[in-house]
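[1] need a structure here:
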Amino acid sequence: MKNTAQPDAITEAACRWLLSGGVSGTYTGPDPGMDHGLAPLLAKEMGRKDISLFAAAGWFRTEQIIKPVLERISGENAEVWAVKGFDLARSVYPFPGSRPMADADLFVEDRNRQKILSTFEKSGWSKGSPGDGIFNTGIVSEMKMYRHGAMVELHTHIFYFPATFPGKLPADLFENGRLLEPGLMGFAWHNALLMVLIHMLTNSELRPVWWVDTCLLCRKVSEAGTWNRFAWNASETKLGSALASLLVTAVNALEAQVPEKVIEVLSRNESIREDIVEKLKAGRKVPTLLNLKHLTGWKKISWAYALLWLVLTGQHPLRKN
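    Okay, here's the model as predicted:
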């Protein structure tokens with residue numbers, strides 16, 4: 001099923017069902033079928049035990065493959081921070097398998113970057129793209145790691161090219177975390193929501209599960225009473241009005257719990273670089289060139305050289321996000 005920029009009827013019904021308690025046997029929305037992104041979440045409601053068991057098995061396998069390296073990270077007095085599915089599947093969904101994910105996204109603090117990479121390699125994980133140089137210097141923010149068919153994406157920033165980010169990430173991003181298991185932390189609810197929304201901004205087609213993430217995280221932020229902290233951190237990103245638009249959709253279509261004042265504040269928080277999110281969606285070459293434009297100093301020189309080499313050798317200048 002093709003993803004859309006607006007939540008569909010199934011997503012709307014699923015969010016209403018979850019916000020009302022998610023009681024088994026009370027879902028009244030359309031049948032998602034087998035290919036919809038929320039099929040694992042609604043499988044039990046539709047009497048599809050095959051989908052439910054398959055999703056649960058997939059989650060269990062991924063978790064067991066990643067668990068040993070998390071234990072090793074914990075033993076070295078470090079941690080990684082789960083973002084999106086690898087956190088939310090166990091934190092806000094009825095059961096882990098109900099939140100499908102293709103890979104596990106983990107944030108790494110800059111001070112722990114080398115230690116975490118080394119620990120993954122010692123644990124039998126193999127590096128994918130990109131190369132060490134542009135990841136370790138911060139030109140790109142992501143390193144893919146593989147083991148037994150599972151993929152982990154290690155991130156140091158929510159934008160693939162950090163230099164294109166118009167504002168600042170939350171100063172408290174790595175504070176007041178939630179312990180998920182040894183070696184693995186979850187962001188405070190207001191920052192978990194912010195990371196999901198920023199990720200959504202850089203995608204032209206939005207998966208239904210991201211809307212459900214948003215809806216459930218809004219409830220968590222309301223319960224925690226931290227909307228003021230969310231509003232401040234969201235304003236600091238300089239993406240406020242774009243974030244407000246997503247929240248307006250979540251409120252109107254999904255009955256998400258968002259204070260009107262938060263949306264009002266963010267709607268006024270415009271940035272001259274906020275149109276960067278539209279450029280990031282425009283195509284595969286545009287983000288790479290944007291990164292070159294906004295890099296400074298030796299990073300700009302080294303990245304320009306790298307791009308020239310890619311062009312001369314006929315390779316593709318990386319993905320956009």
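[2] Name the helix or strand for the residue lying closest to G240 once chain neighbours are set aside, please.
    Nearest in space to G240, with sequence neighbours left out and distances taken as Cβ to Cβ, 6 or more residues apart in numbering, is N269 at 2.7 Å. Yep, even glycine has a C-beta here, placed from its N, CA and C like the rest. Element membership for N269 (DSSP states H and E) is empty, with no helix or strand holding it.
[3] Can you give me every residue that contacts A234?
    194, 197, 240, 243, 266, 269 (Cβ atoms under 8 Å, 6 or more residues apart in numbering).
[4] and if you look at A57?
    G97.
[5] mind checking how far it is from P40?
    With distances taken as Cβ to Cβ, to the nearest Å, A57 is found 11 Å from P40.
[6] Likewise for K127?
    Remark: distance between K127 and P40 (Cβ to Cβ) = 30 Å.
[7] between these two, which one's more packed in?
    Legend: neighbour count by other Cβ atoms under 10 Å for K127 and P40, higher for P40 (26 against 16).
[8] Within the helices and strands, which one has that one?
    For P40, the host element (DSSP H and E) is helix 39-42.
[9] host element of P68?
    helix 49-75.
[10] Any chance you could spot the residue sitting in the middle of this protein?
    K84 (4.3 Å; Cα atoms, centre = their mean).
[11] So for that residue, what's the pLDDT?
    K84 is assigned 95 on the pLDDT scale.
[12] Pull out the buried positions in the helix holding P68.
    51-52, 55-56, 58-59, 62-63, 65-66, 69-70, 72-73 (16 or more other Cβ atoms under 10 Å).
[13] circling back to that earlier point, isn't the residue nearest to the centre of the chain right next to A102, touching?
    No: in this structure K84 lies outside contact range of A102 using Cβ atoms under 8 Å: 10.6 Å.
[14] before we move on, the earlier item: show me how far the helix holding P40 is from its chain's centre.
    What separates the centre of helix 39-42 from the centre of its chain is 20 Å, taken as Cα atoms, centre = their mean, to the nearest Å.
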